[in-house]
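Q: build me a model from this:
(chains A and B)
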Amino acid sequence: MTPSTSGSQTKRARSFQPRKIFDQIYAYLFLAPALLIFAFFSWNPIFKTVIFSFEKVGLRGPTGWVGLKNYIRMFGNPLFGTAWVNTLEFVILSIIFGFMVPILLALMIREMRRFGPFFQVITYIPTLVPVVVALLVWRMIYYPEGGVLNSFLALLHVPPQLWLQNPHLVKFALILVMTWMGAGGSILIYLAALGEINPEIYEAAELDGVSPIQRILFLTLPLLKSRMAMMMVLQIVAVTQVFTEPFILSTGGPGNSSLTPVLQIYRTAFENSDFGLASTWSVSLLVVLGTFMALYVWLNHKNEEQRLA
Amino acid sequence: MSSSRGIMSDVEWRSPAGRVIVAIFFVFLVVVTLAFLFPFVFTFTAGLKTSSTITDPGLNLFPKLPQWKNYLEVWQRYDMIGMFANTFYVAAGIVVGRLLVSSMAAYSISKLKPAGKRIIEVFILLTMAVPMMAYLIPLYVTLTDLPILHISLVNTYWGLWLPGAGSAFYILVLKNSFDQIPKEIYDAAAMDGASPVRSFLSMTLPLSTPILIVLGLLTFVGAWGDFLLPKLILLQPSLQTISVRLYALDRIFPLNLKMAGAFIALLPPLIAVLLFQRYMKSGLTF
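A: The predicted structure follows:
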């Protein structure tokens, strides 16, 4: 804003006080729906999560203050460790597969002159499929006897695997499905980021005799670094809240080896009707997710500043 | 165009070594493409099998005697039309609500200078730090018994439309977009006696059509596939969306019919890709 416009504005505001109040009424009328929605359906439940975690809460609402009892029960439950260690393993696997695969595919698709858009659209299709439908299909693909994945592996002389019933394979099987469903969206973002890189950089490097592989390693990837950091944080946030995949494919099993915090929250609340304890679990999730989202916002901010500079 | 080059230049691309690299990439991408499309093909052919042959050992991807009647049977017994209609109704309501609420709020923050703008921004944007999963239980309790009004939204679409209407991310994106519209045209419109409502409807929204379409599509796709909240809110089968219904029917139907049902449920996204390809490219790149 230039000084002259802001100057004339304060003058106008000073001379027309009623007009200013009138403007404020409009401003708040436009804001009202959003403020009400956020108050009712975001802040209200966020605060209630914390309050419920100190209360005994059944299907009909809170029935009494229990202090730290829910927290003692949560930390005393061996499943607390199990669920969070599982989450950590899911995150590590998802960084190896879900995070790396889209970068690799985007780099390749970018080098395709004619078929690039085709590959891009194909990889994007699974992201549009309702998760539940996709999971019902994948459960069938993973079927131990006569399942199509084992049948296919039999052609390569690989013995049949219990994909969803083997505690060592189930996490990988779930991450594979998540990668199938999520890669397309990440590929879009990386392709856009690759498109923003000035081709003159590559031209100059080529003239200096830098090979294509070196260009990727020392030019492209460093330029994508900030975008990759943000995507990784978003991925950690997404994987930490995973529910539908273990709920439908493995029901948290075998032997809780794919139990996740949200699945445990769901069970505590809707199978054991203990909303208080479920809220205590939610607080632990809130702390973890809040930390990573704060990290994301900070990275985003830093990124924007860099872009402007 | 010189900007058409990728990491490799056109000359390198046509050199023998370049051709080898491109060929390797191409073959790799074709394999990936086949793997990405395979579940769709598999679902389609599994839906054509009989319940006794579907788990036969061996890769027999294409059944010898395709049971086309499976698709007809599942179309009727699943009440596919009702299911699609419900899902469309839920998703469309969330799209309309979210776009309206978000664009109004973004317009106010961007152009109307509400008092306490900073506090309002924090109030809205801070919710981005807390994904819905973290406060699902109290949200469900709130929806079963709204504060002050004491109404239950269980078994109503409002129970999905109202919480779906609030999205800090959309407000942020739209505010950034509205910030680009020059202030001068609003001043000129105000001089001509246009009210803020008029400016919003006849300038802000029409000027932002592309971003509204992209955000609307993103919302629609997300809402179309939502599972957990619809599962908790829509208990009555006649109201249920595709995801909730297919999950509920999962225990009842034989495998071959389930696959036929799943394939029909997979079709809308495939059709959507063909129709809206050009918008998708810009869809996720803010």
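Q: could you give the number of residues near residue 151?
A: This is for chain A. 19 (other CB atoms under 10 Å in any protein chain shown). No exception for glycine: its C-beta is placed from N, CA and C like everyone else's.
Q: please refer instead to chain B.
A: There are 13 residues near residue B:151, going by other CB under 10 Å.
Q: give the helix, strand or coil label for it.
A: For residue B:151, the assignment made with DSSP: H, G, I helix; E, B strand; the rest coil gives coil.
Q: gap between it and residue B:142?
A: 11 Å (CB to CB, to the nearest Å).
Q: residue B:87 too?
A: 24 Å.
Q: and what of residue B:54?
A: 43 Å.
Q: secondary structure element holding residue 189?
A: Going with chain A. Using DSSP states H and E, residue A:189 maps to helix A:170-196.
Q: actually it's chain B I care about, not the one you picked
A: helix B:183-191.
Q: the spatially most central residue of chain A: what's it in contact with?
A: By CA atoms, centre = their mean, chain A has its centre lying nearest to residue A:238, at 2.2 Å. By CB atoms under 8 Å, 6 or more residues apart in numbering or on different chains, residue A:238 lies in contact with residue A:182.
Q: give the rounded mean pLDDT of the helix or strand hosting it.
A: Assigned by DSSP H and E, residue A:238 belongs to helix A:221-240. Confidence for helix A:221-240, expressed as mean pLDDT, is 90.
Q: equivalent analysis for stretch B:89-109, please.
A: 95.
Q: does it come close to chain A?
A: Yes - shown here: stretch B:89-109 in contact with chain A (CB under 8 Å from any CB of the partner chain) through B:100-102, B:104-105, B:107-109.
Q: and that stretch, what's buried?
A: If you call a residue buried by 16 or more other CB atoms under 10 Å in any protein chain shown, then stretch B:89-109 has these buried ones: B:90-95, B:97-99, B:101-109.
Q: from those, which land in helices?
A: B:90-95, B:97-99, B:101-107 (DSSP state H).
Q: for chain A, state which of those is nearest.
A: Within these, distances to chain A taken as CB to the nearest CB reach their minimum at residue B:105, with 3.6 Å.
Q: so the residue nearest to the closest one when sequence neighbours are not counted: helix, strand or coil?
A: Spatial nearest neighbour of residue B:105, chain neighbours left out: residue A:34 (3.6 Å); criterion: CB to CB, 6 or more residues apart in numbering or on different chains. Classification of residue A:34 using three-state DSSP returns helix.
Q: what do you get for residue A:288?
A: helix.
Q: ok, now which ones touch it?
A: Counting by CB under 8 Å, 6+ apart, residue A:288 makes contact with residue A:240.
Q: quick check: which ranges of chain A have low pLDDT?
A: A:1-18, A:308-309 (pLDDT under 70).
Q: now do the strands in chain A.
A: A:55-58, A:61-65 (DSSP state E).
Q: the longest one and chain B in contact?
A: Yes - for a cut-off given as CB under 8 Å from any CB, strand A:61-65 has contacts with chain B, namely residue A:61.
Q: and that strand, how far from the chain's centre?
A: Computed by CA atoms, centre = their mean, to the nearest Å, the chain-centroid distance of strand A:61-65 equals 33 Å.
Q: related to what we said a few turns ago, which two among the residues of stretch B:89-109 next to chain A are spaced furthest apart?
A: B:100 and B:109 (15.2 Å; CB to CB).
Q: against which helices or strands is the longest helix seen in chain B packed?
A: When every helix of chain B is counted residue by residue (DSSP H), the longest turns out to be helix B:16-46. For helix B:16-46, the packing partners by 3 or more CB pairs under 8 Å, 6 or more residues apart in numbering or on different chains; DSSP states H and E come out as helix A:100-111, helix A:116-128, helix A:131-141, helix B:10-14, helix B:255-283.
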